[in-house]
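Novice: The amino acid sequence is not available; the structure is as follows:
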């Protein structure tokens with residue numbers, strides 16, 4: 001398993017409550033949030049030995065912490081509560097567990113790899129070349145195949 005992209009201490013600052021540095025729930029949430037961020041960006045931010053790199057973008061750490069904090073604060077995904085009539089409503093995304101919001105995905109946009117290999121097809125519209133190619137095609141098409 002890859003190391004988390006944020007620390008338990010950063011999560012504690014985000015939720016504004018003390019969390020033990022070895023809290024298993026906090027570590028698990030940060031690990032799952034890191035997996036989501038890595039899946040979205042296509043990058044791992046670990047070196048050959050599996051250690052976390054030094055140059056992790058701030059947006060990556062921030063999104064990892066925000067995602068984990070959302071579930072830390074509200075594990076059930078409740079969006080409404082009432083005491084008198086015992087009303088309780090879950091978010092439409094409550095079943096998704098950890099997820100990245102559109103704003104978080106936009107924050108991670110700059111951390112996605114760019115470039116790559118692609119094929120660019122071109123067409124030559126030179127009339128002379130087109131005529132030569134047509135003649136070749138005609139010669140091949142009507143060749144004697146005996």
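Specialist: Perfect, thanks for sending it. Because the structure is a prediction, the values reported are computed rather than measured. Residues are numbered from 1 along each chain as shown.
Novice: contact partners of stretch 16-23?
Specialist: 8, 9, 11, 12, 26 (CB atoms under 8 Å, 6 or more residues apart in numbering). C-beta here means a position set from N, CA and C on the backbone, and glycine is covered the same way.
Novice: among those residues, which ones are buried?
Specialist: 8, 11, 12, 26 (16 or more other CB atoms under 10 Å).
Novice: Going by distance to residue 34, which of the residues you listed wins?
Specialist: The nearest member of the buried ones among the contacts of stretch 16-23 to residue 34, counting by CB to CB, is residue 11 at 11.5 Å.
Novice: Surely the closest one is in contact with residue 72?
Specialist: Yes: Residue 11 is in contact with residue 72 according to CB atoms under 8 Å; the separation is 6.6 Å.
Novice: Ranking helices and strands of the chain by mean pLDDT, which lands last?
Specialist: Lowest by mean pLDDT, DSSP states H and E among the helices and strands of the chain is strand 88-90, with a mean of 60.
Novice: Now the element after it, going C-ward?
Specialist: Later in the chain than strand 88-90, the nearest helix or strand by DSSP states H and E is helix 102-108.
Novice: Overlap in contacts, residue 11 and residue 72.
Specialist: Common neighbours of residue 11 and residue 72 (CB under 8 Å, 6+ apart) are 26, 29.
Novice: Could you check how far residue 7 is from residue 85?
Specialist: Applying CB to CB, to the nearest Å, the value for residue 7 to residue 85 is 42 Å.
Novice: who has more neighbours, those two?
Specialist: Ranked by neighbour count (other CB atoms under 10 Å), residue 7 and residue 85 place residue 7 first, with 17 against 6.
Novice: tell me the contacts of that one?
Specialist: Shown in contact with residue 7 (CB under 8 Å, 6+ apart): residue 30.
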